[in-house]
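Participant: My questions are about this predicted structure, shown below with the sequence.
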Amino acid sequence: MRWALVKVCLAVTAMVVIAFAVPLGLVVREMASDRAFSNAERQAASMAPTLSITTDPVQLRKAVESTQMGAAQRMAVHVPQIGDRLAVDIGAGWAGPHAVEETRRMGRATTATVRGGGSALLQPTALGSGDIAVIEIYVPEREVSNGVTTAWLVLAGVGLALIVGSVAVADRLGARLVRPAERLADAAHRLGQGRLGVRVPEQGPKELRSAAVAFNAMADRVVELLANERELAADLSHRLRTPLTVLRLNAASLGDGPAAEQTREAVEQLEREVDTIIRTAREQRPPAVAGGPGAGCDASEVIRDRMAFWSALAEDEGREVRLAGVDRPVRIPVARPELAAALDALLGNVFRHTPEGTPFAVDVHDAGDAVIVLVSDAGYGIADPEEALRRGNDGGRDGSTGLGLDIVRRVAESTGGDVRLGRSVLGGTEVRMWIALDGRTRGEDRRSRRKGRSTR
């Protein structure tokens, strides 16, 4: 907007300068020409008294040489033939005999263009005998344009100064208008990055001040809503401690055995997750999903560990399990607890939404710039994958909050990847979690490429 305002002001000022400077320059040139020919007319008029008294060539020559134009050899006098006396021409003349005769016939002053540059003023003068003599004054081109170049330069300088001044004023005005808008945009960007304490100074034009007031009110409301959400999450999580205590006591009384040990481990993990939720909510900051440089985990090791946990339940329900691609380390930029939570959500959905005895598989593929984790089953599939990815429960499926896939999606998107649902080779649902190894490779072309792979 700043440069647009400068361009508009530049265009308007340039048009105004051209509209006034060009006509004024033409007037100056016309005035210089009038001044030169007026001076020539005065010089010609100074010879009229002499011609009215005498037409003697000697006297006329002396009179011509005594004038300013005659001394500069720029005056000529043409006397016609009078009776027996021949025509007299004092000076060579510049316009030519035809122009002289034409002026004598018309009886008024005329101008003629001189070959080689300049003009000639032809002034008729009546003699005592009633005949017409013609006084010719040569006007050089430099006198006709005397001062015109200087005037044009002055006008150009004034016009340029006006343009520069208007551009400077427009730039300052544009900066005054744009700076509050830039502050508002920067504050919105920082608020989107999670800096909830950012606020905008209520400065600038009336409209931008109103926008700043609205932005600050919105930011305050966001902080209030997030605080309420955190308190609610902490409160709900804290309420789970009582039933978790009961579960831990019951698990302790189960005795020894693989099933009892797995139950106790599950209760301990659930307690740790609840503690993490409470601490995160009280600290008033979102949990970090993706780590910094060097952070992450071995996806193969985490998948083997979680599959060992779920394999006991799969064996109890008669499910055939296939695990592939975990025979070598695969590093990903995701914290171990986050990847474990995502896998538990995917595997839990398989056990929750498919009949007992339904086989499932977990595959890991290293695509170079990303790691793909596939969880597929031979169940009934998902009729509307897009709706299933939407966070929250719309009442379509009992026992589902819609948060499981959302956990998986957030883990993938924290690295620049995504999650897609499709039909698996087993005939049921396939969840494809794309974990990017370099967040800079995200983009529409990547998503299109992934979509093509998923379709195939």
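Facilitator: Structure's in. What do you need? Numbering: from 1, shown residues only.
Participant: Measure how buried Leu155 is and give me the count.
Facilitator: Using other Cβ atoms under 10 Å, Leu155 is surrounded by 17 other residues. Backbone N, C-alpha and C define where each C-beta goes, glycine included.
Participant: Name the residue most distant from the centre of this protein?
Facilitator: Distance from the centre of the chain peaks at Asp84, with 92.4 Å (Cα atoms, centre = their mean).
Participant: Now do it, the pLDDT please.
Facilitator: Note for Asp84: predicted pLDDT of 73.
Participant: Give the full set of residues in contact with Ala260.
Facilitator: 251, 254 (Cβ atoms under 8 Å, 6 or more residues apart in numbering).
Participant: which secondary structure element contains it?
Facilitator: Per DSSP states H and E, Ala260 falls inside helix 258-283.
Participant: pretty sure Leu437 is in contact with Asp369, am I right?
Facilitator: Yes. Contact status for Leu437 versus Asp369: in contact at 5.7 Å, counting by Cβ atoms under 8 Å.
Participant: out of these two, which sits in the busier spot?
Facilitator: Between Leu437 and Asp369, counting by other Cβ under 10 Å, Leu437 is the more crowded of the two (19 against 12).
Participant: quick revisit: got phi/psi on the residue farthest from the centre of the chain?
Facilitator: Torsion angles at Asp84 (phi, psi; degrees, to the nearest 10) stand at phi -90, psi -10.
Participant: Could you check how far it is from Val100?
Facilitator: As for Asp84, its distance to Val100 is 21 Å (criterion: Cβ to Cβ, to the nearest Å).
Participant: What ranges in this protein fall below the confidence cut-off?
Facilitator: 1-2, 233-242, 244-246, 249, 278-295, 390-404, 439-456 (pLDDT under 70).
Participant: Just the strands from it, written as ranges.
Facilitator: 75-79, 88-90, 110-113, 119-126, 132-139, 297-298, 321-324, 331-332, 360-366, 370-377, 418-423, 429-436 (DSSP state E).
Participant: For those, give me CSV that also has mean neighbour count and distance to Ser166.
Facilitator: Conversion of the strands of the chain to CSV gives the following (neighbours: other Cβ atoms under 10 Å; distance: least, Cβ to Cβ, whole Å):
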stretch, mean neighbour count, distance to Ser166
strand 75-79, 24, 51
strand 88-90, 19, 59
strand 110-113, 16, 42
strand 119-126, 21, 41
strand 132-139, 24, 41
strand 297-298, 18, 63
strand 321-324, 13, 72
strand 331-332, 20, 59
strand 360-366, 19, 63
strand 370-377, 23, 55
strand 418-423, 19, 52
strand 429-436, 24, 51
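Participant: Tell me which of those lies nearest to Gln262.
Facilitator: Nearest to Gln262, of all the strands of the chain, is strand 321-324, at 15.8 Å by Cβ to Cβ.
Participant: name the helices or strands packed onto that closest one?
Facilitator: Judged by 3 or more Cβ pairs under 8 Å, 6 or more residues apart in numbering; DSSP states H and E, strand 321-324 is in contact with helix 299-316, strand 360-366.
Participant: starting at the chain centroid, how far to it?
Facilitator: 51 Å (Cα atoms, centre = their mean, to the nearest Å).
Participant: strand partners of that strand, parallel vs antiparallel please.
Facilitator: As defined by DSSP bridges, the strand partners of strand 321-324 come to strand 360-366 (parallel).
Participant: quick one, the partner strand and helix 299-316 angle?
Facilitator: Per axes from the mean of the first three to the mean of the last three Cα atoms, to 10 degrees, the angle that strand 360-366 makes with helix 299-316 is 170 degrees.
Participant: can you list contacts of strand 360-366?
Facilitator: So strand 360-366 is contacted by 299-300, 303, 307, 314, 319-326, 330, 343, 347, 350, 354, 371-378, 424, 426 (Cβ under 8 Å, 6+ apart).
Participant: and if we set it to 6 Å?
Facilitator: Strand 360-366 is contacted from outside by 322-326, 330, 350, 372-377, using Cβ atoms under 6 Å, 6 or more residues apart in numbering.
Participant: now, which of the residues you listed sits nearest Asp256?
Facilitator: Leu323 (27.8 Å).
Participant: so who does that closest one touch?
Facilitator: Leu323 neighbours (Cβ under 6 Å, 6+ apart): 307, 362.
Participant: if we can go back for a sec, looking at the strands of the chain, spot the one closest to Thr67.
Facilitator: Here strand 75-79 is closest among the strands of the chain (Cβ to Cβ), at 6.2 Å.
Participant: CA atoms only for that closest one, dumped as PDB, please.
Facilitator: What follows is strand 75-79, C-alpha atoms only, in PDB (Å, rounded to 0.1, in the frame of the first residue of the first chain):
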ATOM      1  CA  MET A  75      19.300  46.700 -41.400                       C
ATOM      2  CA  ALA A  76      18.500  47.300 -45.100                       C
ATOM      3  CA  VAL A  77      16.400  50.000 -46.800                       C
ATOM      4  CA  HIS A  78      14.600  49.400 -50.100                       C
ATOM      5  CA  VAL A  79      13.400  52.700 -51.900                       C
END
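Participant: Relative to that strand, what are the paired strands and their orientations?
Facilitator: Strand 75-79 is paired, per DSSP bridges, with strand 88-90 (antiparallel), strand 132-139 (antiparallel).
Participant: Now do the last one against strand 119-126, angle only.
Facilitator: Taking the same axes, to 10 degrees, one finds that strand 132-139 is oriented at 160 degrees with respect to strand 119-126.
Participant: Restricting to C-alpha, output strand 132-139 in CSV.
Facilitator: The C-alpha trace of strand 132-139 is given here as CSV (Å, rounded to 0.1, in the frame of the first residue of the first chain):
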residue,chain,number,x,y,z
ILE,A,132,6.3,53.1,-50.2
ALA,A,133,9.8,52.2,-49.0
VAL,A,134,10.5,49.0,-47.1
ILE,A,135,12.8,48.8,-44.1
GLU,A,136,14.2,45.3,-43.5
ILE,A,137,15.5,44.2,-40.1
TYR,A,138,17.3,40.9,-39.7
VAL,A,139,16.4,39.0,-36.5
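Participant: Spell out which residues sit in contact with Val302, please.
Facilitator: 336, 339-340.
Participant: Please apply the same query to Ala251.
Facilitator: Shown in contact with Ala251 (Cβ under 6 Å, 6+ apart): 263-264, 267.
Participant: Would you mind giving these as TSV with distance to Pro124 and neighbour count added?
Facilitator: Shown next, in TSV, are those (distance: Cβ to Cβ, whole Å; neighbours: other Cβ atoms under 10 Å):
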residue	distance to Pro124	neighbour count
Thr263	132	17
Arg264	132	16
Val267	129	19
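Participant: and which of those residues is nearest Met69?
Facilitator: Of all the contacts of Ala251, Met69 sits closest to Val267, with 123.2 Å by Cβ to Cβ.
Participant: Quickly note the distance from that closest one to Glu315.
Facilitator: Note on Val267: its distance to Glu315, by Cβ to Cβ, is 21 Å.
Participant: ok, now Thr103?
Facilitator: 129 Å.
Participant: Right, I'll call it a day here.
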